[in-house]
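Chemist: I would like the atomic coordinates for the input below:
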Amino acid sequence: MAAAQDTPEEKPKSWREIVSVDQHQPPYVFNIESIDAGRIAIRIAGGPKGYHGQTIATDVNDDASPGFRVLDVNFDGHKDFAVVSNRGFTGNVSFKYWIFDRAKGIFRSAPEFDNITEVDRERRNLISYEKDGLAYRIWKYYHLVHGKPRLWKSVEDLHADKASDILPPDYPFHLITIVRFYRLGHVVRTFYSNRGE
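Modeler: Down below sits the predicted model:
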């Protein structure tokens, strides 16, 4: 009778990213490792003299493909980073962000940015995008106010029957676009138009 053979355990997946936060500092080295289903550890080393490193453990949508990305999400000239926390069945994606803290030289969790999916550097907009099927999509546009995203505009594509509260009776079109402008978290103007059918 043959002896049962042990199957070797699969080694955890790991990645290395080298990130230049800015041109005046040595790069940071990110060692990213899958530590469990849906969980990764990010070990950060390198950086300027005196940086003692950080280890961040976080939940992700897929520990084999955590969607690590580097970007300047708060427009301060220093690179920040994010991982994908959720990928929905309809294609929606959400992130977890860590912002580079210039004063302390560390990366700090920044949940106020977690719904941001795009950064428009030219217009200095942060954008979140969400869809639900083919008929509903919404883009939300944020400006930074005191370092925090503040909603200033939304563009929503939807069925007219879902917006009967703002449309005139017997509105003749089925698909519409609604644009709303905000001030201090409150809607100040609303426009709608036919999406074309």
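
Chemist: show me what contacts the closest residue to I106 other than its chain neighbours?
Modeler: Once flanking residues are discounted, I106 sits nearest to Q54: 6.0 Å by C-beta to C-beta, 6 or more residues apart in numbering. C-beta: built from backbone N, CA, C; applies to glycine. Q54 sits next to I42, R43, I44, I106, F107 when contact means C-beta atoms under 8 Å, 6 or more residues apart in numbering.

Chemist: give me that answer again for 10 Å
Modeler: Y28, F30, I42, R43, I44, A45, G47, W98, I106, F107, R108 (C-beta atoms under 10 Å, 6 or more residues apart in numbering).

Chemist: domains for this structure, by residue range?
Modeler: 13-114, 117-197 (automatic domain parsing).

Chemist: what is the mean pLDDT for the last one?
Modeler: When the per-residue pLDDT values of domain 117-197 are averaged, the result is 91.

Chemist: chain center to that domain: distance?
Modeler: Chain-centre distance of domain 117-197: 18 Å, with C-alpha atoms, centre = their mean, to the nearest Å.

Chemist: that older thread, quick check on the contacts of Q54: which are buried?
Modeler: Among the contacts of Q54, those scoring as buried are Y28, F30, I42, R43, I44, G47, W98, I106, F107 (criterion: 16 or more other C-beta atoms under 10 Å).
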